[in-house]
Structures are given as structure tokens and as C-alpha cells.
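> Any chance you can model this:
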Amino acid sequence: MNIMQIKQIAIVDFLLAIGFRPTKETAASAWYHAPYREDEDPSFKVNKNRNIWYDFATAKSGDIIDLAVLVYRTQNISKVLKMIAQATPAVPLQVRTFVPHLQTPASDGIRAQISAFKNLRVQALASMPLLTYLSKRGIDMGIARQECKEAHYTCHGMNYFAIAFPNEAGGYEIRNPYYKGCIAPKAVSLISQGQTDCICLFEGFMDYLSFLTLRKLERLSVPCYDADLLVLNSVNNLPKVLPRLRAYKRIYCYLDNDDAGRRVVDMLRELKGDAVHDMMEACPLYKDLNDILVGKKRMP
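Take a look at the predicted model:
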């Protein structure tokens, strides 16, 4: 098929063919978990009348080819066209069937992403592109090698590799310069220091690595050096760990300076009151710990 024929394929049919179903659908639009990144709250919308998509979380948009470039992680358009053609029958837009108000559990999009990972191989972090990426983010290389692994896997028939951060359930948070996701099972990561009554809380593992680097460089005031360290790997994991957090006398939150981070702090303060300390409150010009590490300030 040529480009014009490819563009006649409905994006919703392409997404269905690669394992993604809408969480909500009307006659004019469909909402999804973004198919090329971790997206726990559906923020990816397809306009079925115009056959275009928009990712509200990243402000990216485009047609089916633009989407496939992100899904298959290649700028080789010839390869992209071939993979779309192999995945999707060329169904004309006007004859596509429609099932009104289709509802699926919110986790289906994540399951589809997870099921796409094949042939997983985890090894020591040594790949120069991955180390270079972490170095550009200011992360200490010794800390990176100690805390992270390197995952090699296939996804939709193509080979990839990424930084892998283990969680306590045996899964991995994975990231490279082009992708952020999870290899199941999804869970928090707890780094226990033994007997302690305080804990430091982080949203993602890049925040955790930034914290360790800032602490090593003595650029961060750390109120408790022997605290347990808990990486949520998603703020949606907070309810799972609330029973454990009740046991701590002091909770130091190094969460993002955004609405999601503040909601977590507010929720914890309802649970533990003055025992909860928002450590990012003193750094309002920085979105997160990594921005502090690399000196990236937001506009006041």
C-alpha cells in the first residue's frame, strides 16, 4: 500500500490490531491509554471523523503514520508503512463498524502494553547509549549501575533495550530516551535500611536516582540518612502502601511540584498529620528532583 492508502486505514482499527481497545467510545471519538508510553489515565484521543489523534499528556498529535512512528520507534517511513500494512487490513473509513459506548476496564490498555513485551533478558547496566542518557540527566554513573539493570526485549516484533529499575513484585520500570513504561507486575520499590521510623517517598525512579546523586554531592539537605526509601513508580500505587506508611513516625515527600504530587501530600497528611513533610515545598521553581540536579528552573 502507498501512503494515501495507508492514511485511509482507521486509526481505531490500527490500534485494535496491535492490541489496544478504547476505554470510552462515541460515534465521533475514542479514548485510549497511549500506545507508545505508560499512561494510567487515558489521555489519548482519536477523532474518528478526521482520522487523527491527540495525546493530551504530551501535546503530540498526527495521523496514523505519525502514530506508527511512535509505536514502532523508528523514523524509517518505508518500514513504518510496511508494519502498518502488515498489522491492519485496509478497511475504508466509511464502512468501519461502530460499537456505541464501549467500556473496558482502565487497566486493559496497560495489560495490552505489558503483553507486548517478549523475550525479556535482564543484565547489568552497561549499554553506552543508556549510560549517556542517564549522564545527561545528571545521574551519577556508580549509583546508576548499582540501582538499575538493563533490559533487552522484543515488542511488536522489534528489538529494544532500556534501563530497568526493579520493583518489589519482580517487575521492572523501564526507560530509555524514547520510551517510559513497565514490565509486569507493576508495584512499588522499597529500599529498606532496617530498623527506622522514617521514610523518604519518591514518585519515580529517576527522582530516586536524582536524590541519591544530590545526596552524594551534598547538594541536598537530607533530614534522615538512615530512612527507608520508597519509590511509588506511579502515584496510583499510593493506596497499596498506605497501611505500611502508617507505621512510620516521619514521612519525607520528594514528589513532583504539580497537582498530582500535592494531592499525594494532602492525602498523607490526612492520614499522618504533621508527620508528613513536603520536601519540595522549598523548591517551587523546580518541577522535580531531577530538575534540581540539572538546574532546570521553571518560569516563575
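
> Surely Ile64 touches Gln8?
No: applying Cβ atoms under 8 Å as the test, Ile64 and Gln8 come out as separate, 9.0 Å apart. Just so you know, the C-beta spots here come from the backbone N, C-alpha and C atoms, and that holds for glycine as well.

> List of residues touching stretch 47-61?
Stretch 47-61 is contacted from outside by 7, 10-12, 27-30, 34, 37, 39, 43-46, 62-64, 66-67, 70, 93, using Cβ atoms under 8 Å, 6 or more residues apart in numbering.

> now do the same end-to-end measure for it.
11 Å (Cα to Cα, to the nearest Å).

> Could you give me the buried positions within that stretch?
Applying a neighbour-count criterion of 16 or more other Cβ atoms under 10 Å, one finds Lys48, Asn51, Ile52, Trp53, Asp55, Lys60 buried in stretch 47-61.

> a markdown table please, covering those and showing secondary structure and distance to Leu293.
Converted to a markdown table, the buried residues of stretch 47-61 look like this (DSSP: H, G, I helix; E, B strand; the rest coil; distance: Cβ to Cβ, whole Å):
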| residue | secondary structure | distance to Leu293 |
| --- | --- | --- |
| Lys48 | coil | 43 |
| Asn51 | coil | 42 |
| Ile52 | strand | 37 |
| Trp53 | strand | 34 |
| Asp55 | strand | 27 |
| Lys60 | strand | 26 |
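
> out of these, which one sits closest to Asp140?
Nearest to Asp140, judged by Cβ to Cβ, of the buried residues of stretch 47-61 is Lys60 at 31.4 Å.

> Is Leu209 part of a helix or strand, or is it coil?
Secondary structure assignment for Leu209 (DSSP: H, G, I helix; E, B strand; the rest coil): helix.

> Can you get me a residue count around the closest residue to it other than its chain neighbours?
Among residues not flanking Leu209 along the chain, Ile139 sits closest, at 4.8 Å (Cβ to Cβ, 6 or more residues apart in numbering). For Ile139, the count of nearby residues is 23 (other Cβ atoms under 10 Å).

> do the one 5 residues further on as well
Burial measure for Ala144: 21 neighbouring residues, criterion other Cβ under 10 Å.
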